[in-house]
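Colleague: Below is the sequence, then the predicted model.
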Protein chains: 2
Amino acid sequence: MRYPNGQKNRSSQRASGASRAMGFGNRGMTLEEDINATNDFYRNTHKAIIHKKPTPVQIVNVHYPKRSAAVITEGYFKQPSTTDYNGIYRSKYIDFEAKETKNKTRFPLANIHEHQINHMKGVLEHGGICFFILRFSVYNETYFMPSEIFLSYWNKQVNGGRKSIPHETIEKTGYRIPFHYQARVNYLAIIDQLYF
Amino acid sequence: MRYPNGQKNRSSQRASGASRAMGFGNRGMTLEEDINATNDFYRNTHKAIIHKKPTPVQIVNVHYPKRSAAVITEGYFKQPSTTDYNGIYRSKYIDFEAKETKNKTRFPLANIHEHQINHMKGVLEHGGICFFILRFSVYNETYFMPSEIFLSYWNKQVNGGRKSIPHETIEKTGYRIPFHYQARVNYLAIIDQLYF
């Protein structure tokens, strides 16, 4: 596993204390908030155009009051059929899913859905750059894992193997994502290394 | 303007009657339904992975009943900050917006938003394939217009020009999208011609 420039290594971060007080890299933001801020920075600096897709909602009832905006009065969350983030970087199609866990020893696969996996397989087949961003929030560690590698663990699970990926495995086969003041989850740095 | 293979020309379609009874190419589906069916076909046949993004909803209140799914009891429609459709085809990033009008002589620009235009400019800057699908529903004519061309009309409007694109202009500078039994709005056929 490669330590990107300027990033503390894991053991020193761990030593520094509890997850909510881990210094520079963590101000109590969720992974989603960090990635959204990162994508805003990438767009504003013309580095990449990458967005989070809206949460899919099944709208059942809408009320149209006079002289004001329509109100959705009954709706349900739908399971997303794709990944959460996609866009373009250096002419390449980018597609990823982000997940965080409070677990200290392994990353559970339970909240990743099969249609998301199938979507990723399709993206890879068509030549896109496809990956997971995985965060162990207790350690404030964020990893980049190419979907090709993730899929090998997924397939083991499907064939009766373990329903999680051990922390050590992610450390070994993933890439630690460097923290950057504005690009808080600076995953394009990893993409530059791996794909260009 | 090029007539794609097997597609009736406009005058013969017009002669055939009202928009809702225009034969093979039109069974009363909206442009969005046609494009969704087309994208399903493209995915199922491994041609491309292109999805419509969910409608963005601002969720204000959610009720969590015991033993059943969470219900959104107050939500509002948000203006989309990007285009409606994106994905990957032949390793290229694809991004487009689809609009239809009942107008017979021109395409109004009123329901296209500036942030969508800015999004498209960014996508072009990064090397993506970016375009509009425009339908004149009265004639059942569907056109492919590269964003580069669309932007020239948009810029005229911004500088005080007309707030619509005349039908003749779209006929001349756009590309008629062929109808295909399964790929009802077979826009990849145009992309093959123009970009590869």
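Modeller: Structure's in. What do you need?
Colleague: for chain A, which strand is longest?
Modeller: Criterion DSSP state E: the longest strand present in chain A is strand A:92-101.
Colleague: which parts of chain A sit against chain B?
Modeller: By C-beta under 8 Å from any C-beta of the partner chain, the part of chain A that sits against chain B consists of A:43, A:46, A:48-49, A:51, A:53-57, A:59, A:69-78, A:80-82, A:86-93, A:95, A:119, A:122-123, A:125-128. Every residue, glycine included, has its C-beta placed from N, CA and C.
Colleague: Filter the residues you listed down to the buried ones.
Modeller: Taking 16 or more other C-beta atoms under 10 Å in any protein chain shown as the criterion, what is buried in the residues of chain A next to chain B is A:43, A:48-49, A:51, A:53-54, A:56-57, A:59, A:71-75, A:80, A:82, A:86-89, A:92-93, A:95, A:119, A:122-123, A:126, A:128.
Colleague: ok, back up a step: tell me the angle the longest strand of chain A makes with strand B:92-101.
Modeller: Direction vectors for strand A:92-101 and strand B:92-101, defined by axes from the mean of the first three to the mean of the last three C-alpha atoms, to 10 degrees, enclose an angle of 90 degrees.
Colleague: ok, and for the helix or strand just after strand A:92-101, which residues are buried?
Modeller: Of the helices and strands lying after strand A:92-101 in sequence (DSSP states H and E), the nearest is strand A:106-108. The neighbour-count check on strand A:106-108 (16+ other C-beta under 10 Å) flags A:106, A:107 as buried.
Colleague: Pull up the pairing partners for strand A:106-108, direction included.
Modeller: strand A:164-166 (antiparallel) (DSSP bridges).
Colleague: Could you tell me the average pLDDT over the strand it pairs with, please?
Modeller: In this model, strand A:164-166 carries a mean pLDDT of 95.
Colleague: Then stretch A:45-56?
Modeller: On average, stretch A:45-56 scores 96.
Colleague: That stretch: how far from the chain's middle?
Modeller: Taking C-alpha atoms, centre = their mean, to the nearest Å, the mean C-alpha location of stretch A:45-56 is offset from the chain mean by 12 Å.
Colleague: can you check stretch A:77-94 too?
Modeller: Distance of stretch A:77-94 from its chain centroid, counting by C-alpha atoms, centre = their mean, is 11 Å.
Colleague: before we move on, what about stretch A:48-58?
Modeller: Its chain's C-alpha centre lies 13 Å from the corresponding centre of stretch A:48-58 when counted by C-alpha atoms, centre = their mean.
Colleague: Output it as CSV, restricted to C-alpha atoms.
Modeller: What follows is stretch A:48-58, C-alpha atoms only, in CSV (Å, rounded to 0.1, in the frame of the first residue of the first chain):
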residue,chain,number,x,y,z
ALA,A,48,-13.3,17.5,-13.5
ILE,A,49,-17.1,17.5,-13.8
ILE,A,50,-18.3,15.0,-11.3
HIS,A,51,-21.7,15.1,-9.5
LYS,A,52,-23.6,13.0,-6.9
LYS,A,53,-26.8,11.8,-8.4
PRO,A,54,-30.0,12.8,-6.6
THR,A,55,-31.5,10.3,-4.2
PRO,A,56,-34.2,8.4,-6.1
VAL,A,57,-37.6,9.1,-4.8
GLN,A,58,-40.9,7.5,-5.8
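Colleague: So which of the residues of chain A next to chain B are in strands?
Modeller: A:49, A:51, A:57, A:59, A:71-77, A:86-89, A:92-93, A:95.
Colleague: name the helices or strands packed onto the helix ranked longest in chain A?
Modeller: Secondary structure of chain A per DSSP state H: the longest helix is helix A:31-44. Applying 3 or more C-beta pairs under 8 Å, 6 or more residues apart in numbering or on different chains; DSSP states H and E, we find helix A:31-44 packed against strand A:49-52, strand A:85-89, strand A:92-101, strand A:129-136.
Colleague: Got the confidence number for the residue of chain A most remote from its centre?
Modeller: Within chain A, residue A:66 marks the point farthest from the mean C-alpha position, 41.3 Å out by C-alpha atoms, centre = their mean. Note for residue A:66: predicted pLDDT of 90.
Colleague: Please apply the same query to the one 3 residues further on.
Modeller: Per-residue confidence for residue A:69 comes out at a pLDDT of 90.
Colleague: which non-adjacent residue is nearest it?
Modeller: residue B:76 (5.7 Å; C-beta to C-beta, 6 or more residues apart in numbering or on different chains).
Colleague: Output the lowest mean pLDDT helix or strand found in chain A.
Modeller: Counting by mean pLDDT, DSSP states H and E, chain A has its least confident helix or strand at helix A:10-15, which shows a mean of 41.
Colleague: Who does the most centrally placed residue in chain A form a beta bridge with?
Modeller: Within chain A, one residue has its C-alpha closest to the average C-alpha position: by C-alpha atoms, centre = their mean, that is residue A:98, at 1.9 Å. In this structure, residue A:98 has beta-bridge partners residue A:133, where bridges are defined by DSSP bridges.
Colleague: Surely it and residue A:111 touch.
Modeller: No - with contact defined as C-beta atoms under 8 Å, residue A:98 and residue A:111 do not form a contacting pair (11.6 Å).
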